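[1] Structure, please.
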Amino acid sequence: MARIASRFGRVEPRASARSYLLGLLSCVERKNCWQLAEQAGHARPGPMQRLLRYARWDADAVRDDIRAYAVEQLGTDGVLIVDETGFVKKGHASAGVQRQYTGTAGRIENSQVGVFLAYATNRGRTLIDRRLYLPEHSWCADAERRRAAGIPDEVQFQTKPRLAWEMIAAALKAGVEARWVTGDEAYGQDPQLRAALEARGTGYVMAVACSTRVRINHGRTTIRADTVAGCLPATAWQRHSAGAGAKGPRYYDWAWVHIGISSHRHLLIRRNRTTGELAFYLCWSPATVALAELVRVAGVRWSVEECFQAAKGQVGLDHYQVRNWTSWHRHITLAMLALAFLTAVAASSAPERPAQPAHLTPGHPPIRLTVPEIRHLLAAVFNPPTMSAAKLLHWSDWRRQHQAAARRSHYRRRSGDEPTG
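    Numbering: from 1, shown residues only. Here you go, the predicted model:
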């Protein structure tokens, strides 16, 4: 809180932000304003709602603090990872919501989609930036809908790769030392993003589809990526680990082929040693690199999935119940700060093997502290005293009153007694 205190001009929102963060780090089941206010001992959710909607503070400035904190705690020379995640929602009033594909559900759902930037080193990984994707036709062109959701006039339609590049460029401009960027097909397929990275002198390992056409034979022949893989001799494949997984090193067979006319441009191919399934990556670096380095960067991409899992499961990234543009960015930013704090604590835990209790088998120490375990311990430390029965009943009455009001509103709307606009 000391790092971000200056971002709040008044003591009240600063205190609310501290309570909000403690709530995100607590064992509260759903980390929305109602339950976070109850956890903080407030009589109503008003202070938390004001923090997200009306209080004067700059979420982007706090985002800048998170970025600097992540580099300070995790070290320099990390990898930047771009990816998106979905937030399944009901209704049509939440900023950016529409029926669209989201990997969270694995299908087309009514949802919001956020594009995120993660920072990963060998000490840990965390989210350092975010953008809410605003669909072009259903939102950008609808002035009335934009006003209702509080979307600023200067916010215009941008593709997800363009949002990704804005975050990457901002991170590099702020001094984040990252020699590599990686992302999945949604970003690897975008030639403008790849060109922007090359112009900036930043290397990339970006996943692409098997149908991607590449130029081989010093640029004289254009051919599909999967066709290239089918023509490779057995000697072209090398076994490398893409990093440690939950069950040990993730070994695959890898091959790389020079493409184009530059010696620093490659098609990287990954083959599953059991199923034979192939994955493809377009790679570029400003200097000569080894295959093992490209494999390492390709393997780091999965770190962002771990970030999403931890952010949603541990600090309530997707627990919000807000519709407003500003409120979304503020909740997401505070959740990112909570995640960065947990990641920093995990990174600072002693790397050496601890002394073993007698009942543990020698040579089998416990694993290092994880983000879920740290949050569990912190929740035990920071939990407020047991709430009185009167206060528990007060919150129960408050919730049920508002639920009854919502039910009446829904019934009137269904029966046609209330306008739907």
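[2] Find the residue closest to residue 326 in space, skipping its chain neighbours.
    In this structure, residue 326 finds its nearest non-sequential neighbour in residue 150, 5.7 Å apart by CB to CB, 6 or more residues apart in numbering. (C-beta placed from N, C-alpha, C; glycine too.)
[3] Show me where this protein dips below the pLDDT cut-off.
    By pLDDT under 70, the low-scoring segments of the chain are 246, 350-367, 383-387, 392-393, 395, 411, 414-421.
[4] circling back: can I assume the residue nearest to residue 326 is in contact with residue 95?
    Yes: counting by CB atoms under 8 Å, residue 150 touches residue 95, with 7.1 Å between them.
[5] Next one: residue 247 from residue 275, what distance?
    Per CB to CB, to the nearest Å, residue 247 is found 16 Å from residue 275.
[6] Residue 150 and residue 95: who's more crowded?
    More crowded of residue 150 and residue 95, by other CB atoms under 10 Å: residue 95, with 23 against 14.
[7] Now do the helix or strand where residue 113 lies: which elements does it pack against?
    Assigned by DSSP states H and E, residue 113 belongs to strand 107-121. Applying 3 or more CB pairs under 8 Å, 6 or more residues apart in numbering; DSSP states H and E, we find strand 107-121 packed against helix 59-74, strand 78-88, strand 98-102, strand 124-132, helix 160-173, helix 303-314.
[8] tell me which strands and helices the shortest one is in contact with?
    Yep, that's strand 98-102 we're talking about. Using 3+ CB pairs under 8 Å, 6+ apart, the elements in contact with strand 98-102 are strand 78-88, strand 107-121.
[9] Tell me which of those lies nearest to residue 318.
    Smallest distance to residue 318 across the helices and strands packed on strand 98-102 (CB to CB): 5.1 Å, for strand 78-88.
[10] and that closest one, which strands flank it?
    strand 107-121 (antiparallel), strand 178-183 (parallel) (DSSP bridges).
[11] and that strand, which residues are buried?
    Residues of strand 78-88 classed as buried under the neighbour-count rule (16 or more other CB atoms under 10 Å) are 78, 79, 80, 81, 82, 83, 84, 85, 86, 87.
[12] export the residues you listed to a markdown table and tack on distance to residue 61?
    A markdown table is the format used below for the buried residues of strand 78-88 (distance: CB to CB, whole Å):
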| residue | distance to residue 61 |
| --- | --- |
| 78 | 22 |
| 79 | 25 |
| 80 | 20 |
| 81 | 23 |
| 82 | 22 |
| 83 | 24 |
| 84 | 24 |
| 85 | 24 |
| 86 | 27 |
| 87 | 24 |
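[13] what's the closest of those to residue 345?
    Nearest to residue 345 among the buried residues of strand 78-88, counting by CB to CB, is residue 78 at 17.9 Å.
[14] For the closest one, list the residues it contacts.
    71, 119, 120, 121, 176, 177, 178 (CB atoms under 8 Å, 6 or more residues apart in numbering).
[15] In the chain, where's the longest helix?
    In the chain, with assignment by DSSP state H, the single longest helix is helix 389-415.
[16] Any idea how far stretch 92-104 is from the middle of the chain?
    Put simply, stretch 92-104 sits 16 Å off its chain's centre (CA atoms, centre = their mean, to the nearest Å).
[17] same thing with stretch 312-322?
    Centre-to-centre, stretch 312-322 and its host chain are 12 Å apart (CA atoms, centre = their mean).
[18] do the same with stretch 235-248
    25 Å.
[19] go on, stretch 19-32?
    18 Å.
[20] quick one: contacts of that stretch?
    Around stretch 19-32, the neighbours that count as contacts under CB under 8 Å, 6+ apart are 1, 35-36, 39-40, 42, 47-48, 51, 315-316, 319-321, 334-335, 337-338, 341-342, 375-376, 378-379, 382-383.
[21] If we use 7 Å, what do you get?
    Here stretch 19-32 makes contact (CB atoms under 7 Å, 6 or more residues apart in numbering) with 35-36, 39-40, 48, 51, 315-316, 319-321, 334-335, 337-338, 375, 378-379, 382-383.
[22] tell me the SS of the closest residue to residue 268 other than its chain neighbours?
    Excluding the flanking residues, the one nearest residue 268 by CB to CB, 6+ apart is residue 281, at 4.1 Å. Here residue 281 is strand, with the state taken from DSSP: H, G, I helix; E, B strand; the rest coil.
[23] Is residue 281 bridged to anything, and to what?
    In this entry, residue 281 is beta-bridged to residue 207, residue 268, by DSSP bridges.
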